[in-house]
Each structure stands twice: as C-alpha cells, then as structure tokens.
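>>> Return a 3D structure for these sequence lines:
(one chain, ligands or ions: 1)
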Amino acid sequence: MSKVLVTCGTGYIGSHTVVELQQEGHEVIVVDNLFNSDIEVLNGIEKITGIRPTFENIDCTDYVGMDRMFERHKNIDAIIHFAAYKAVGESVEKPLLYYRNNILSLVNLLQLMPVHKIKHLVFSSSCTVYGQPDILPVTENSPFKPALSPYGNTKQICEEIIRDTIHSNSFYHSIVLRYFNPIGAHPSAEIGELPNGVPNNLLPFITQTAIGIRKQLLVYGNDYNTPDGTCIRDYIDVVDLAKAHVSALNRMLNHQQKNNLEVFNLGTGRGLSVLEIIKMFEKVNNVKVPYKIVGRREGDIEKVWADPSYANKELGWKAQRPLEETLRSAWEWEKKLAERSKQTA
Ligand code: WQD
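Numbering: from 1, shown residues only. This is a model prediction of the structure:
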C-alpha cells in the first residue's frame, strides 16, 4: 500500500480520514501544529485501528520545518492537505491570520512536492466557494460567487493556486474535494468533532445544548425563502467524507485520473433546514434542544446542497450513512466527551 502525509491529521475530518487510510492498509504520517486540535486524538485513532500514526508537530506555514520533515520521511506517495483555519466568523475578524495560514501552508506544500518527488495532492476545499448558487443542486461546474468571508476566499484562492501550478507543471496531480456540511462522529465514539470554545457550527452547538453545556441554541433567522424559513444545507457524515478521501487517493495512485486536476463535490444531494435537523436530532436521541429564533448571521447563505453524481460515478463513492445514525453518533460522542471531562475534573 502507499505512504500518505495527512496535514491536520488530528483535526475533525483529518482524524477520521487517518482511520480509513490505516484500515485500508496505508501508512500514515500526521503533521499538525495542534493549534486547533488535541494530541489525544492520536490515542483515539490507535484505539480504533491499533496503529498509532507517526506524528510530527509542525506548522505547515514553516517551510524549513516542513522541508526537514520530508527529509526524515522519504518515499511519501501522496499528501492529503486539511490544514486550514475554517471558522467563517473568525475569518471576518482576523482576515490576515486566515490568508497567511491557509494560503502559505498550501504554497509551501506545492513548492516542496517536486523537491521531495511527491506528485499527488488531495486538497480539502469547501462548498463555500460557490457562495449562494443561482441554480440548485450545485455541480462542480457551478460558478464561484464572490466569497462572503475571507475563509471562503482562501478556499477559492487555493483552488486557483492549484489550478495555475498544475497548468505550469504537469509533474503535479491533484484532486480537490469540495465538502458540504460535515457532521457526526466515528461509530466507536473514540474520535469526533472537538470545537475550540463556543462552537461555530450547528451540530456541535446542538449536542452541547442537549447535554447542558449551552443554555439554548440560537437559530440564526427564520425569514429565509425556504419551507420553514430557516437555512438549508447538505449535511454529510464525516465517515462518509473520510472514505471519499481514500477513494480520491486510490484514483490518483492507480492512475485513473482523466486529467491532472479533478474536482468533486462531496455531499448527499439532500438539503435539510436547521429546524429539520433540530427536530430529527431530538427524535433520534430522545432529548430536547431548547432553541430561540434570532436574527440572521452575517455571511450565511440561504440554501445550498450538492449534486454528488459526478463523485458517485467517477470516484465510485456515495454517502451511505443514514442521517439518523449520524445524529446518534454525534450525541454518543458528546456524551463520551462529558464522561471524559468528569474523569479528568
Ligand atoms: C449551518 C446552518 C447557520 C450555528 C460552514 C463553513 C463550511 C463548512 C461547514 C468547512 C446555518 C445555522 C449554525 C448556530 C444556527 N466548513 N446555525 N445556529 O456556515 O453552513 O458552513 O461549516 O468545510 O465551509 O462555511 O455551517 O454549521 O455554521 O451553519 O442557526 O449556533 O446552521 O445559520 O444556516 P455553514 P454552520
């Protein structure tokens, strides 16, 4: 099998992808600066797979540090690059932090790949690049809209950097994966989402409200042009998402790419509103989530969901996990976190 470098491999999607890679027999090296994640995650990965990935505590914006790391780990076949800051609201407050981190980390990797003879890159992008699409569902050919946040802009810029780099040098092969809204946790409840401080995203806020960490969920607006007035998103299970990365990696390593740069939407094709998610979470887990409707959140788009048919066909990948199971896994993970904090208190 192959040797894969995973940046931000102790992060939410990164850690779930490391598990899937290891379970398929790939050797994994994790690079992470632990800015937004916890080294404990390596224990969770090891409990699931029995293999503790090699770990390098390095910041991807540190060119020299990354170069030396590649000297230590020869014959890497591919890089899966997750490392990026991703809080939309924070990016509006701290744009330079986002531009420097998200763009420089990618540029460093692209400069170092030919130096260390690494041809393949899977890049973590986001449906944010589409902004508010005029036509739904969104396909890979849907146009970019002006980004509504520096975070979204960094994803658009990074995709253009990859496109220009590949256009200039056929050495590189890349697959760009545009995630919709990742949710849920591994069925083992050994790894899951670890939001830093107050969660930005809906699901961790729901689970923290259900367990009593948060008093109530604020629903940002119910005056949108949707059936119940709340925003619609395509919520995709994090394990399904992780499996798509393994499919993309295998496609590159088995030389199945139709050209050196391919882009895939990773969604379920199903749009659900905020209120629908809340109600389903309560039903599946038999808990209450107190919430209050408040004003809209700046930067939110009204509705977006994927047309995942291209990924289904070309990657041979399809979101499998029933939403009920995903929402259950999110709740099991939150309860596991509560147990752990009691033990360490
Ligand atoms: C979803 C819906 C909120 C919190 C972001 C990134 C995207 C991707 C996923 C990386 C919206 C509503 C939320 C709350 C709420 N990240 N909401 N109360 O903004 O769609 O996408 O995360 O790949 O790139 O932009 O996700 O979970 O923040 O919001 O009402 O406390 O839930 O208004 O309608 P979003 P989200």
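>>> what does the stretch 51-200 of the chain put close to the ligand?
Lys86, Val88, Ser126, Thr128, Tyr179, Asn181, Asn200 (Cβ under 6 Å from any ligand atom). Quick note: C-beta positions are derived from backbone N, CA and C, even for glycine.
>>> same thing but 8 Å
Applying Cβ under 8 Å from any ligand atom, we find that the stretch 51-200 of the chain lies next to the ligand at 86, 88, 124-128, 149, 151-152, 155, 179-182, 199-200.
>>> buried subset of those?
Burial by neighbour count, 16 or more other Cβ atoms under 10 Å: within those this picks out 86, 88, 124-128, 149, 151-152, 155, 179-182, 199.
>>> farthest-separated two in these?
Farthest-apart pair in these is Ser125 and Pro199; separation 21.7 Å (Cβ to Cβ).
>>> Checking Cys60 next. Helix, strand or coil?
Put simply, Cys60 is coil when judged by DSSP: H, G, I helix; E, B strand; the rest coil.
>>> Quick check, Ala242 in contact with Glu24.
No. Applying Cβ atoms under 8 Å, one finds Ala242 not in contact with Glu24, separated by 10.7 Å.
>>> Give me the more crowded residue out of the two.
Between Ala242 and Glu24, counted using other Cβ atoms under 10 Å, the more crowded position is Ala242 (23 against 13).
>>> Beyond the host helix or strand of that one, next helix or strand please.
Assigned by DSSP states H and E, Ala242 belongs to helix 238-253. Of the helices and strands lying after helix 238-253 in sequence (DSSP H and E), the nearest is strand 261-266.
>>> For that following strand, list the C-alpha coordinates in CSV.
Output in CSV follows, covering the C-alpha atoms of strand 261-266 (Å, rounded to 0.1, in the frame of the first residue of the first chain):
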residue,chain,number,x,y,z
LEU,A,261,-6.6,18.2,-11.8
GLU,A,262,-10.1,16.9,-10.9
VAL,A,263,-12.7,18.5,-8.6
PHE,A,264,-15.5,16.7,-6.8
ASN,A,265,-18.5,17.8,-4.7
LEU,A,266,-18.9,15.7,-1.6
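>>> That one vs the ligand: in contact?
No. Legend: contact between strand 261-266 and the ligand by Cβ under 8 Å from any ligand atom is lacking; minimum distance shown is 9.7 Å.
>>> Quick one: find the helix or strand in the protein with the lowest mean pLDDT.
helix 88-93 (a mean of 86; mean pLDDT, DSSP states H and E).
>>> which strands and helices sit next to that helix?
When contacts are defined as 3 or more Cβ pairs under 8 Å, 6 or more residues apart in numbering; DSSP states H and E, helix 88-93 packs onto helix 95-98, helix 150-168.
>>> highest average neighbour count across the ones you listed?
Across these, averaging neighbours per residue (mean count of other Cβ atoms under 10 Å) puts helix 150-168 on top, at a mean of 19.
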